[in-house]
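K.L.:
Next come a sequence and a model predicted from it.
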Amino acid sequence: MAAKIIDGKAIADKIIEGLKEKIDGLDKKPGLAVVLVGDNPASSVYVNIKSIACEKAGIRDMKQHLPENTSEEEVLGLIEELNNDSDVDGILVQLPLPKHIDEHKIIEAINPLKDVDGFHFTSIGNLFINREKFVPCTPKGIIRLLEEEGIEIEGKHAVVVGRSNIVGKPVAMLLMNRNATVTVCHSKTKDLGEETRKADILIAAVGKPKLITADMVKQGAVVVDVGINKVDDRLIGDVDFDDVKEKAGYITPVPKGVGPMTVAMLLENTFEAYNK
Ligand code: GUN
């Protein structure tokens, strides 16, 4: 039987609608400052998507767009201003930053109480010791999708393919915090298929189009595709969707799977920051 396709867009829309209802009743609306440095085309698209989502939820979009040649000191100066601005509840610095700017230095300058991206050491440390505060948006969105579908995590074998700081590592931690047995695979894993076939829950987050094929998936597994790869002007995931959907129990599509959840979780984190 073909897999159930998880409609991330519908779940994200429902979350945003719920936030809007709460925010509509507030005199002062939450404010989110997304900082974009330069004109990386993919980043510009993502930042625009975030602006549109802010508008839908009733969150004040306090976007800051700086030119490519902005110095590290100038970016740090802006972060300090945003930290001290009581109208700003959440700060997100869109990555990647131009090469002359130290990304870690910038992220560490953000007030952890406004770290809606969950990338500050304080947020990561809290996640690590199972005191989840601001959780990175894509991993948080993945867990929410599983919860919304009533998929149990405890006791399951979860295999994460990819060990990035943004997705692989934090989602592995979230799964562990929910009592899954977690394997993390990466480019040096000897036999990827041997590992992925053990997965009850398989998360693919490597950025390699159609890397995961049906022979690498256990019958009935939950397959979450985090990949967004542009191939011939089409968006393709890390999972060979047409092949794998015949074998998996659940599968997320690309687009309209994990992507919209990332944005919904950013708005949710901003609302949390406002309430703190
Ligand atoms: N670039 C790609 N994904 C992300 C993300 O989740 N947050 C930020 N800040 N930058 C990104």
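P.N.:
Arrived safely.

K.L.:
tell me the pLDDT at Met1?
P.N.:
Here the pLDDT value assigned to Met1 is 78.

K.L.:
Point out where the stretch 51-200 of the chain drops to low pLDDT.
P.N.:
Counting by pLDDT under 70, the stretch 51-200 of the chain contains no low-confidence residues.

K.L.:
What's the end-to-end length of stretch 168-184?
P.N.:
Its first and final residues considered, stretch 168-184 spans 8 Å by Cα to Cα, to the nearest Å.

K.L.:
any bit of that stretch sitting next to the ligand?
P.N.:
No - using Cβ under 6 Å from any ligand atom as the criterion, no contacts between stretch 168-184 and the ligand are found, and the smallest distance is 10.2 Å. To be clear about C-beta, it is placed using only N, CA and C from the backbone, and glycine gets the same treatment.

K.L.:
Can you give the contact residues for that stretch?
P.N.:
The contact list for stretch 168-184 (Cβ atoms under 8 Å, 6 or more residues apart in numbering) reads 118, 124, 127-128, 130, 132, 135-136, 138-140, 142-143, 153-163, 186, 195, 198-199, 201, 203, 205.

K.L.:
Please produce a PyMOL select command covering the buried subset of those.
P.N.:
One line in PyMOL is enough to select the buried members of those, burial here meaning 16 or more other Cβ atoms under 10 Å:
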select buried, resi 118+124+127+132+135+136+138+139+140+142+143+153+156+157+158+159+160+161+162+163+195+199+201+203+205
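
K.L.:
Keep only the contacts of stretch 168-184 that also lie close to the ligand.
P.N.:
If you filter the contacts of stretch 168-184 for contact with the ligand, counting by Cβ under 6 Å from any ligand atom, you are left with Thr138.

K.L.:
In helices, which of the contacts of stretch 168-184 fall?
P.N.:
Assigned to helices by DSSP state H, the following of the contacts of stretch 168-184 qualify: 124, 127-128, 138-140, 142-143, 195.

K.L.:
For the residue in the chain that the ligand sits nearest to, which residues are in contact?
P.N.:
Of all residues in the chain, the one sitting closest to the ligand is Leu95 (3.6 Å; Cβ to the nearest ligand atom). By Cβ under 8 Å, 6+ apart, the contact list for Leu95 reads 43, 103, 166.

K.L.:
The last one and Pro136 touch, don't they?
P.N.:
Yes - counting by Cβ atoms under 8 Å, Ile166 sits close enough to Pro136 to count as a contact (6.2 Å).
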